[in-house]
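>>> model this:
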Amino acid sequence: MEWFKKKKEIKTEKKIKIPEGLWVKCDHCKDIIYKKEIEKNLKVCPKCNYHFRVVATERIAQLCDEGAFTEMDRDMVTTDPLNFEDSKPYKKRIQDSVESLEIKEALVYGLASIHTRDVVLAVMDFSFMGGSMGSVVGEKLTRAAELALEKRLPFVTVSSSGGARMQEGMFSLMQMAKVSAAISRLKETNVLFISVLADPTFGGVTASFAMLGDVIIAEPKSLIGFAGPRVIEQTIKQQLPANFQRAEFLLEHGMVDMIVERKDLRQTLFKLIGHFMPLGSGKTIAQ
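Prediction:
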């Protein structure tokens, strides 16, 4: 009887409900971190320094002076040249991405300033169909490069992409040559082109403009390559080295010029622009 009496006296513990969206699991160290702490740290894990992916609007806010970004060609959208449809129509995929994000394509570009230095900035957003490069992305990149050429302003790109957009077939692949040709005109006229590679940068983006920068910068631990490691291993029938396609591996083998943490990226861009294109060497937006 005493046993039953004690059993009744046991208090049941109340389950504490934790609101969803307050905590984030780090993809690298697997620790659970307070979301606001990560956001305050520019979307970088404070424990292992893992750099989370950021959307285009966040990247622009991190790099540009406050209120100093003027977007161009915002309403440019694809015409779906192939009337492509797989599990769902291509137009529906575009519509879904537009409705869930604040942008209408996988690339945002415009006039900006970084610590008062005028630049043309183009930022890719992996959240929009994997940051894939279709005809609109290629056209925007080309126009951005031409704008930099016209105003003789440094051209800065931030890449985060899975490569060419399969839903546009050959139209997508043609953008590689188109954008590369526009970049070559910058080099002919000594207009600085800085390419920043974020996680991940792959496929036709890596194989074209992303690796043509006068200075190529990568964020720590970013995956950068053309084909995925599994495809490469199956092709060459060999096991790949540790950290293959990570930014650190590419730096060691001379494929990128430097690795810069996100907190230092804005200042690094400012210093590079000042070194390669000192004030007085070209026009500014104000002129």
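
>>> What helix or strand is the residue nearest to the spatial centre of the chain located in?
Compute the mean C-alpha point of the chain, and by C-alpha atoms, centre = their mean the closest residue is residue 160, 3.2 Å away. According to DSSP states H and E, residue 160 maps onto strand 155-161.

>>> thinking again about what came up before, surely the residue nearest to the centre of the chain touches residue 51?
No. Judged on C-beta atoms under 8 Å, residue 160 makes no contact with residue 51 at a distance of 10.9 Å. Placement of C-beta: from N, CA and C, glycine included.

>>> what sits in contact with each of the two?
198, 199 (C-beta atoms under 8 Å, 6 or more residues apart in numbering).

>>> Give me the distance from whichever helix or strand comes after the strand holding residue 160 to the chain's centre.
Using DSSP H and E, the helix or strand that follows strand 155-161 in sequence is helix 169-188. Relative to the centre of its chain, helix 169-188 is centred 19 Å away, using C-alpha atoms, centre = their mean, to the nearest Å.

>>> Beyond helix 169-188, next helix or strand please.
The first helix or strand that comes after helix 169-188 along the chain, using DSSP H and E, is strand 193-201.

>>> Which SSE is immediately downstream of that following strand?
helix 203-206.

>>> Show me where the stretch 1-150 of the chain has its strands.
Counting by DSSP state E, counting those that start in this stretch, the stretch 1-150 of the chain has these strands, from start to end: 23-25, 32-34, 69-72, 107-114, 117-124.

>>> Can you give me the buried ones in the third one?
By 16 or more other C-beta atoms under 10 Å, the buried positions in strand 69-72 come out as residue 69.

>>> Can you name every helix or strand that it contacts?
Under the contact definition 3 or more C-beta pairs under 8 Å, 6 or more residues apart in numbering; DSSP states H and E, strand 69-72 sits against strand 107-114, helix 135-151.

>>> if we can go back for a sec, between the strands of the stretch 1-150 of the chain, which gets nearest to residue 82?
strand 107-114 (20.1 Å; C-beta to C-beta).

>>> Pull the number of nearby residues for the closest residue to residue 73 other than its chain neighbours.
Residue nearest to residue 73 in three dimensions, not counting chain neighbours: residue 140, with 5.8 Å by C-beta to C-beta, 6 or more residues apart in numbering. When neighbours are defined as other C-beta atoms under 10 Å, residue 140 has 25 of them.

>>> Need the pLDDT of the residue nearest to residue 154 when sequence neighbours are not counted.
Leaving aside its sequence neighbours, residue 154 sits nearest to residue 192 (C-beta to C-beta, 6+ apart; 4.3 Å). pLDDT recorded at residue 192 is 98.

>>> Show the contacting residues for residue 192.
Residue 192 sits next to 154, 155, 186, 214, 215, 272, 273, 276, 277 when contact means C-beta under 8 Å, 6+ apart.

>>> Could you do residue 189 as well?
Contacts of residue 189 were listed using C-beta under 8 Å, 6+ apart, and they are 149, 152.

>>> Which pLDDT value does the model give it?
Value for residue 189, per-residue pLDDT: 95.

>>> mind checking how far it is from residue 146?
From residue 189 across to residue 146, the span is 11 Å (C-beta to C-beta, to the nearest Å).

>>> Ok, residue 203 next?
Residue 203 sits 24 Å away from residue 146, going by C-beta to C-beta.

>>> Looking at those two, which is more packed in?
Set residue 203 next to residue 146 and count neighbours by other C-beta under 10 Å: residue 203 wins out with 25 against 15.

>>> so that one touches residue 164, yeah?
Yes. If you go by C-beta under 8 Å, residue 203 and residue 164 touch, sitting 5.7 Å apart.

>>> coming back round to it: the helices and strands packed on strand 69-72 into a markdown table, with extra columns for mean pLDDT?
Shown next, in a markdown table, are those (pLDDT from 0 to 100):
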| stretch | mean pLDDT |
| --- | --- |
| strand 107-114 | 98 |
| helix 135-151 | 98 |
